[in-house]
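Q: The amino acid sequence is not available; the structure is as follows:
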């Protein structure tokens, strides 16, 4: 059997299933003829690590990947961006290659630099610096991709911008080119397993959510982008239809997202809060917005600091671990508990209770490896981002501190599956999780996930259960 997957980044079931699906004929056909469900993402709900959780069956803790950017060891200010070399577990296509199964892999993150996989044609993902770099395996494939893309293959767009008109044009162009390359690869390369990832959905949501969602706090009726979600999804649906035709009648088709999206209510300035609560010490007060790395911090008097993003990462300044550590190792757990209690008591800008969550990596994963934070904070179930910068007039920012942003990530992505002649016992189910995807794909391809070192249950076990 052949298996093809559309990876649609950050697509929430509320937007696809509940709003747009009736006007998307190809996606509706998959929905009606097979199985569909909400797919619970990982903690944290971020593109990297979520796609690797789905493609390896391992947790973020096992992968040692907690987001795009990671703290470098016990440094106060140094960090690094996760890439493909940080993924130490085998992906589905690497396992299939070991069994002689040929694959096409287009844009699955983190896919740069592209790994050499014997039985695969691979094009790297949106973290690729530029098309001047080597972004394919085999290397000769790069020339083909650039030819199909007319010399300009677009990995990503600058989406935190006020110029929505230019962004919309670039976004549609990027995605059209991705589908051009996908269709070329589907028609010209040998494969039994095909997967493409499109980051454009995520960029659309971040840049345009307040324009098309009437429930967004900043929505204005009658704006020029009120239907941009339908425009973009319709274009993708049309191109998916072309690809499904190229796949052939013997191909099973899956559509899945790594997490969802929802309206952003604001950003909470975590480091200013830590300063106010006596955790973070400053030698001088910033006169305007300043990044943590550039702030005049008195590390010798600082107990804890944070990183911003969709969630906050908290690091304690531990004696013997950090260069100027002040928290004895014996006090770390107590300090975590005290800080967690204070975080859970934080209210929003209107004095309303927030549903704040605090996680400890060692407690929520089977194992927590790599450069992990000491604590992970979700502000109001992720409705509020975490702002890591200092120098604001308030703890509550109505805009993202790294540029315009309309949406945040949510915990539920989506999953749809259809295959020739298949009548699932259930057309939907609850309890699906991201780590169930890899064993599902392997089972569909005729392999035993447990023999490949993956213990998670397959979605097929849920679908076909009585």
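A: Received the coordinates, thanks. Here the structure is a predicted model, which means the values were calculated and not measured.
Q: quick one: contacts for residue 19?
A: Residues near residue 19 by C-beta atoms under 8 Å, 6 or more residues apart in numbering: residue 229. Backbone N, C-alpha and C define where each C-beta goes, glycine included.
Q: Would you mind measuring from it to residue 409?
A: Using C-beta to C-beta, to the nearest Å, residue 19 is found at 18 Å from residue 409.
Q: try residue 436
A: Counting by C-beta to C-beta - residue 436 and residue 409 are separated by 19 Å.
Q: where do the helices sit along the stretch 101-250 of the chain?
A: 141-148, 164-188, 200-212, 228-247 (DSSP state H, counting those that start in this stretch).
Q: Point out the most buried one among those helices.
A: Counting by mean count of other C-beta atoms under 10 Å, helix 200-212 has the highest mean neighbour count of the helices of the stretch 101-250 of the chain, with a mean of 24.
Q: and residue 208, what is it in contact with?
A: With C-beta under 8 Å, 6+ apart, residue 208 has these contacts: 164, 168, 225, 228, 229, 406.
Q: run the last query once more with 10 Å
A: Neighbouring residues of residue 208 by C-beta atoms under 10 Å, 6 or more residues apart in numbering: 159, 164, 167-168, 171, 223, 225-226, 228-229, 231-232, 406-407.
Q: can you check residue 310 too?
A: Residue 310 makes contacts with 44-47, 67, 259, 264, 378-379, 382, 384-386, 405, 407-410, as judged by C-beta under 10 Å, 6+ apart.
Q: same check, this time on residue 311
A: By C-beta under 10 Å, 6+ apart, residue 311 lies in contact with 43-46, 66-67, 270, 357, 359, 373, 376-379, 382, 384-386, 408-409.
Q: any idea how far it is from residue 400?
A: Between residue 311 and residue 400 the distance, using C-beta to C-beta, works out to 14 Å.
Q: what sits in contact with each of those two?
A: Common neighbours of residue 311 and residue 400 are listed as 385, 408 (criterion: C-beta under 10 Å, 6+ apart).
Q: on that earlier part again, could I get the helices of the stretch 101-250 of the chain in a markdown table, plus columns for distance to residue 125 and mean pLDDT?
A: Conversion of the helices of the stretch 101-250 of the chain to a markdown table gives the following (distance: least, C-beta to C-beta, whole Å; pLDDT from 0 to 100):
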| stretch | distance to residue 125 | mean pLDDT |
| --- | --- | --- |
| helix 141-148 | 13 | 98 |
| helix 164-188 | 11 | 98 |
| helix 200-212 | 12 | 98 |
| helix 228-247 | 17 | 98 |
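Q: Which of these sits closest to residue 442?
A: Among these, helix 228-247 comes nearest to residue 442, with 19.3 Å by C-beta to C-beta.
Q: Okay, angle between the closest one and helix 164-188 too, please.
A: Using axes from the mean of the first three to the mean of the last three C-alpha atoms, to 10 degrees, the inter-axis angle of helix 228-247 relative to helix 164-188 is 10 degrees.
Q: buried set for the next helix or strand after helix 228-247?
A: With elements assigned by DSSP states H and E, the helix or strand that comes after helix 228-247 is strand 251-256. Under the neighbour-count criterion of 16 or more other C-beta atoms under 10 Å, strand 251-256 has 251, 252, 253, 254, 255, 256 buried.
Q: Out of the residues you listed, which comes closest to residue 237?
A: residue 255 (10.2 Å).
Q: Across the sheet, point out what pairs with that closest one.
A: On the basis of DSSP bridges, residue 255 is bridged to residue 6, residue 416.
Q: State the pLDDT value of it.
A: Looking at residue 255, its pLDDT stands at 98.
Q: Kindly report the same for residue 460.
A: Looking at residue 460, the pLDDT reads 78.
Q: Next: the one 4 residues further on.
A: Taken from the predicted model, the pLDDT recorded for residue 464 is 72.
Q: My understanding was that it contacts residue 427; is that so?
A: No. Applying C-beta atoms under 10 Å as the test, residue 464 and residue 427 come out as separate, 12.0 Å apart.
Q: what is in contact with those two at once?
A: Contact criterion C-beta under 10 Å, 6+ apart; residues shared by residue 464 and residue 427: residue 35.
Q: which stretches of the chain have low pLDDT?
A: Across the chain, the ranges flagged by pLDDT under 70 are 465-466.
Q: can you list the domains in it?
A: Here the domain parsing of the chain from automatic domain parsing is 2-263+410-463, 266-404.
Q: Return the most buried member of those.
A: domain 2-263+410-463 (a mean of 19).
Q: quick one, strands of the stretch 351-466 of the chain?
A: Residue ranges of the strands in the stretch 351-466 of the chain, as given by DSSP state E, counting those that start in this stretch, are 357-359, 375-378, 384-387, 396-397, 407-410, 412-418.
Q: Out of these, flag the one nearest residue 52.
A: Nearest to residue 52, of all the strands of the stretch 351-466 of the chain, is strand 412-418, at 14.2 Å by C-beta to C-beta.
Q: tell me the angle the closest one makes with helix 228-247.
A: Relative orientation of strand 412-418 versus helix 228-247 (the same axes, to 10 degrees): 30 degrees.
Q: from the chain's centre, how far out does strand 412-418 sit?
A: Distance of strand 412-418 from the chain centroid (C-alpha atoms, centre = their mean, to the nearest Å) equals 15 Å.
Q: part of a strand, is residue 262?
A: Yes. Under DSSP: H, G, I helix; E, B strand; the rest coil, residue 262 sits within a strand.
Q: Across the sheet, point out what pairs with it.
A: Applying DSSP bridges to residue 262 yields these beta-bridge partners: residue 408.
Q: is it true that it touches residue 382?
A: Yes. Checked against C-beta under 10 Å, the pair residue 262 and residue 382 is within contact range at 7.8 Å.
Q: Overlap in contacts, the two.
A: Shared contacts of residue 262 and residue 382 (C-beta under 10 Å, 6+ apart): 408, 409, 410, 411.
Q: And the furthest pair within those residues?
A: Pairwise distances across the shared contacts of residue 262 and residue 382 peak at 10.8 Å for 408 and 411 (criterion: C-beta to C-beta).
Q: joint contacts of the two?
A: What both residue 408 and residue 411 touch, as defined by C-beta under 10 Å, 6+ apart, is the set 45, 260, 262, 378, 381, 382.
Q: ok, so of these, who is nearest residue 1?
A: residue 260 (29.4 Å).
Q: Pull the contacting residues for the residue lying closest to that closest one once chain neighbours are set aside.
A: Once flanking residues are discounted, residue 260 sits nearest to residue 12: 3.2 Å by C-beta to C-beta, 6 or more residues apart in numbering. Going by C-beta under 10 Å, 6+ apart, residue 12 touches 18-19, 38, 201, 205, 257, 259-262, 407, 409-414.
Q: Please report how far residue 12 lies from residue 407.
A: The gap separating residue 12 from residue 407 is 9 Å, by C-beta to C-beta.
Q: just residue 78 next, same as before
A: Distance, residue 78 to residue 407, using C-beta to C-beta: 30 Å.
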